[in-house]
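Visitor: no sequence on this one, just coordinates:
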């Protein structure tokens, strides 16, 4: 099953366990957020929305908030000694699709547990 969602003025085709980067959305890292603008729900019998599918949503887990690559806007007017340099970085949210929901269903899966970091033994103890 797949879905086409709309967020941040862009459209994304998603399936469960997809990881995608979208424009910044509200939500704490590790929480589950529902995206309600679902344009298409596909599978054995695809459902097209007019403009969105009624009662459909996509549950996603917020993995990280970060900034995108630096974009430089440089303008120069030749022979006029005129230059302008501006730069910016987009705010990005990294999401993992947990499930695609229909018929106004609530998410059944919670956030995945974080992996514990294993501390390595010091080399001095290993030599003895």
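Guide: Noted; the coordinates are in hand. What you are looking at is a predicted structure, and each value in this text was computed from that prediction instead of being measured.
Visitor: Okay, the residue nearest in space to the middle of the chain and residue 121: tell me how far apart.
Guide: Against the mean C-alpha coordinate of the chain, by Cα atoms, centre = their mean, the closest residue is residue 95 at 3.2 Å. As judged by Cβ to Cβ, to the nearest Å, residue 95 and residue 121 stand 37 Å apart. C-beta coordinates here come from the backbone N, C-alpha and C atoms, glycine included.
Visitor: and what of residue 17?
Guide: Applying Cβ to Cβ, the value for residue 17 to residue 121 is 34 Å.
Visitor: swap in residue 104?
Guide: 52 Å.
Visitor: Could you do residue 111 as well?
Guide: Taken as Cβ to Cβ, the span from residue 111 to residue 121 is 31 Å.
Visitor: same question, residue 99
Guide: 40 Å.
Visitor: All the helices of this protein, residue numbers only.
Guide: If DSSP state H is used as the criterion, the helices of the chain fall at 123-127.
Visitor: show me where this protein has strands.
Guide: Taking DSSP state E as the criterion, the chain contains strands spanning 2-7, 10-14, 19-23, 32-35, 38-42, 47-48, 57-77, 82-101.
Visitor: can you put these in JSON lines and add distance to residue 117 and mean pLDDT?
Guide: Compiled in JSON lines, these are given as follows (distance: least, Cβ to Cβ, whole Å; pLDDT from 0 to 100):
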{"stretch": "strand 2-7", "distance to residue 117": "32", "mean pLDDT": "95"}
{"stretch": "strand 10-14", "distance to residue 117": "30", "mean pLDDT": "96"}
{"stretch": "strand 19-23", "distance to residue 117": "21", "mean pLDDT": "96"}
{"stretch": "strand 32-35", "distance to residue 117": "24", "mean pLDDT": "94"}
{"stretch": "strand 38-42", "distance to residue 117": "37", "mean pLDDT": "95"}
{"stretch": "strand 47-48", "distance to residue 117": "43", "mean pLDDT": "92"}
{"stretch": "strand 57-77", "distance to residue 117": "17", "mean pLDDT": "96"}
{"stretch": "strand 82-101", "distance to residue 117": "20", "mean pLDDT": "96"}
